[in-house]
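Participant: turn this into a structure:
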Amino acid sequence: LGVSVMYPIFVNSSGATKTKIKGKAAIVADLTDSNKKEVGSSTEKPSCDYESWQPFDNNRYLTSIQFNPAPTQFSINYCNSSVTSRETCRQAAAKGVVIHPPSNFAFCPMEKNGCSSWLTVLGNLFGRNSTRPAYYLSGTSLKKFGIEGFEKVFSNPDAQRVVVVRDPLARFVSGFVSKCFGHNCKNPFCFPRKKFNLPPGEPISFRTGLDWILDNSTDVSAIDGHFSLQASHCNLRNQLHRYTIIALMDKQSLPHDASCLMEKAGIGKYNYKGKIPPSHFGRSNQT
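Facilitator: Numbering: from 1, shown residues only. Purely as a prediction, here's the structure:
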């Protein structure tokens, strides 16, 4: 529970934290590679029941995909009048967000929330057609379209602005396993190992990871994105109410959910990996 408090899935427009912790079996499953599943590819469009998507409000747990019935659009004066602080405000608002004004689309990518798959397929919007994730796509898109492009997407009532979040404890476990057991336990991004001066090449306990993240000296706002608060990505702490679709990542349903999200946003034709469509989300392993 301590981790769930420190890692809220999201804070809604009223400031209330909403989360739903998975059962023990689901968390344990995240610790094993045996839970990874390859989903068969399909050349057909996904069957999407958009009518089942529930409104995002204070009365419902986030259990799958929800739509924001009244997303707040940027007003022309969303930042204050001071030139210096206004520019700082604009840059902070856009940081980390992938934008594509021609498609009226924006996406907030987060490490351990299907980020690699999302950044692979969204790279196709920019003509990459690569099998590798475009990890710097938010910066690339901002450089291409500028702050004006970001504001255009976030002030357009017809645009789709999507964020995918994950159960906070499952996300932490996924990051811990990836960074502290990857590369034969020699991954340099295993910060708990560094914190307690433990030797590389040997496994460490999950308790060590918890001790690290719960330590008062650990600044969760400044650590690596795999472990930082989800609310700190894309300035969600202040901007969540501007997103039109908020989805909860589930490893089993991610291929289908992601495909439906792309179809809903009108960018389904870009859902492929490399030069041979279709459906990267429909046939790849999700971690």
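Participant: which residues in this structure form helices?
Facilitator: Counting by DSSP state H, residue ranges of the helices within the chain are 2-6, 24-30, 83-94, 115-122, 137-154, 168-185, 191-195, 206-214, 236-239, 254-264.
Participant: elements contacting the fifth one?
Facilitator: The contact analysis (3 or more C-beta pairs under 8 Å, 6 or more residues apart in numbering; DSSP states H and E) places helix 137-154 against helix 83-94, strand 98-100, strand 105-108. Every residue, glycine included, has its C-beta placed from N, CA and C.
Participant: how about those in CSV, adding mean neighbour count, distance to D49 and mean pLDDT?
Facilitator: Formatted as CSV, those follow (neighbours: other C-beta atoms under 10 Å; distance: least, C-beta to C-beta, whole Å; pLDDT from 0 to 100):
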stretch, mean neighbour count, distance to D49, mean pLDDT
helix 83-94, 14, 33, 80
strand 98-100, 24, 26, 97
strand 105-108, 26, 21, 97
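Participant: make CSV from the ones you listed and add distance to V121 to it.
Facilitator: CSV is the format used below for the helices and strands packed on helix 137-154 (distance: least, C-beta to C-beta, whole Å):
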stretch, distance to V121
helix 83-94, 21
strand 98-100, 11
strand 105-108, 10
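Participant: compare these and give me the one nearest P168.
Facilitator: strand 105-108 (15.9 Å; C-beta to C-beta).
Participant: quick one: contacts of that closest one?
Facilitator: 96-100, 118, 122, 125, 150, 153-154, 159-164, 233-234, 236, 243, 265-267 (C-beta atoms under 8 Å, 6 or more residues apart in numbering).
Participant: stretch 235-244 now?
Facilitator: 10-13, 67-68, 71-74, 92-93, 95-96, 108, 154, 159-163, 230-231, 246.
Participant: distance between the ends of it?
Facilitator: Distance between the two ends of stretch 235-244: 15 Å, counting by C-alpha to C-alpha, to the nearest Å.
Participant: biggest strand in the protein by residues?
Facilitator: Across the chain, the longest stretch assigned as strand under DSSP state E is strand 160-165.
Participant: now that strand: average pLDDT?
Facilitator: Strand 160-165 comes out with an average pLDDT of 96.
Participant: and that strand, what other elements does it pack with?
Facilitator: strand 105-108, strand 245-248, helix 254-264.
Participant: change it to 10 Å
Facilitator: strand 65-67, strand 105-108, helix 115-122, helix 137-154, helix 236-239, strand 245-248, helix 254-264 (3 or more C-beta pairs under 10 Å, 6 or more residues apart in numbering; DSSP states H and E).
Participant: helix 254-264 and that strand, what's the angle between them?
Facilitator: For strand 160-165 against helix 254-264, the angle by axes from the mean of the first three to the mean of the last three C-alpha atoms, to 10 degrees is 160 degrees.
Participant: tell me which strands strand 160-165 pairs with, and in which orientation.
Facilitator: strand 105-108 (parallel), strand 245-248 (parallel) (DSSP bridges).
Participant: do I have it right that T88 meets I147?
Facilitator: No. Using C-beta atoms under 10 Å, T88 is not in contact with I147, being 11.4 Å away.
Participant: quick one on the thing from earlier: so how far is the longest strand of the chain from its chain's centroid?
Facilitator: In terms of C-alpha atoms, centre = their mean, to the nearest Å, the centre of strand 160-165 is found 8 Å from the chain centre.
Participant: then stretch 166-182?
Facilitator: Stretch 166-182 has its C-alpha centroid displaced from the chain centroid by 14 Å (C-alpha atoms, centre = their mean).
Participant: pull out the buried residues from that stretch.
Facilitator: Buried residues in stretch 166-182, counting neighbours by 16 or more other C-beta atoms under 10 Å, are found at 166-181.
Participant: for stretch 194-209, same thing?
Facilitator: For stretch 194-209, the neighbour count (16+ other C-beta under 10 Å) marks 195, 198, 204, 208-209 as buried.
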